[in-house]
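> Test case, fold it:
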Amino acid sequence: MKLLPYLEAERLEAGADEVGRGCLCGPVVAAAVILPNDFAHELINDSKKLSKANRERLVDEIKENATAWAVAESTVEEIDEINILNASFLAMTRAVQALTVQPEHLLIDGNRFKSQLDIPYDCIIKGDGKYASIAAASILAKVHRDKLMATYAEKFPGYGWERNVGYPTKEHREGITKLGTTPLHRQSFKLLPDQLEIKFNE
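Reported below is the predicted structural model:
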């Protein structure tokens with residue numbers, strides 16, 4: 001299904017999405033993208049429905065064709081301090097603020113959003129499978145975060161982050177049980193099903 005190019009044609013809309021809310025470690029990453037109304041690509045879709053190769057191929061095309069794009073993060077410390085939902089809102093806010101072109105309206109993936117931005121918005125459930133700008137944002141955020149977690153995996157081997165990118169897989173949880181946590185683990189999350197006593201490795 002071809003995604004919609006806009007919600008309203010006569011205004012400058014930015015799509016925004018985040019990646020990494022369900023992970024046990026690492027930052028939550030968001031992106032904001034303004035696409036020209038006439039931009040279309042048959043592969044652009046919800047990043048979760050695309051192969052890794054297609055996501056990485058699309059990143060360059062999105063960046064080259066976008067009117068503006070930006071990627072931003074909320075740190076593990078912020079996630080633990082203000083909770084993952086608010087940290088996701090903060091990351092999306094930062095991505096919008098980093099755009100070189102000010103949008104007139106935001107299309108936010110999901111059913112909730114709050115920020116200090118003085119820009120009207122619509123929350124769109126499963127928006128990354130409906131609007132091209134949100135899908136583009138999901139792709140940029142996903143590729144950025146996956147590469148980040150692969151880099152972190154080199155520093156903290158044994159958790160399989162190069163494969164699971166921080167999600168609560170069997171391999172990741174076995175790593176936590178065996179090795180303890182890292183400074184990148186979200187201490188406010190239930191890291192293990194029975195929440196064993198786990199040591200903290202600096």
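> where exactly do the helices run in the protein?
For the chain, the helices defined by DSSP state H cover 52-65, 76-82, 84-97, 132-155, 161-164, 170-179.
> which outside residues touch the third one?
Under the contact criterion Cβ atoms under 8 Å, 6 or more residues apart in numbering, helix 84-97 has outside partners 14, 16-18, 21, 27-32, 70-74, 78-79, 82, 103, 106, 108, 112-117, 119, 137, 186, 188-189. To be clear about C-beta, it is placed using only N, CA and C from the backbone, and glycine gets the same treatment.
> who touches the closest residue to Leu184 other than its chain neighbours in this structure?
Among residues not flanking Leu184 along the chain, Cys25 sits closest, at 4.5 Å (Cβ to Cβ, 6 or more residues apart in numbering). Residues in contact with Cys25, defined by Cβ under 8 Å, 6+ apart, are 76, 152, 159, 161, 166, 182, 184-186.
> likewise Glu10?
Neighbours of Glu10 in contact, by Cβ under 8 Å, 6+ apart: none.
> What ranges in this structure fall below the confidence cut-off?
Scanning the chain with the threshold set as pLDDT under 70 gives 1, 194-202.
> run the last query once more with 50
196-202 (pLDDT under 50).
> Now for Glu104, how many residues are close by?
Using other Cβ atoms under 10 Å, the number of residues around Glu104 comes to 13.
> With Lys147 instead?
Using other Cβ under 10 Å: Lys147 sits among 13 other residues.
> Over to Ser188?
Ser188: 13 neighbours (other Cβ under 10 Å).
> quick one: contacts for the residue lying closest to it once chain neighbours are set aside?
Spatially, and ignoring its direct neighbours in sequence, Ser188 is nearest to Asp80 (4.4 Å; Cβ to Cβ, 6+ apart). With contact set as Cβ under 8 Å, 6+ apart, Asp80 has these partners: 186-188.
> quick revisit: output the helices of the chain in TSV; the columns should cover distance to Pro36.
Converted to TSV, the helices of the chain look like this (distance: least, Cβ to Cβ, whole Å):
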stretch	distance to Pro36
helix 52-65	7
helix 76-82	33
helix 84-97	18
helix 132-155	10
helix 161-164	35
helix 170-179	40
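> Done for today, thanks.
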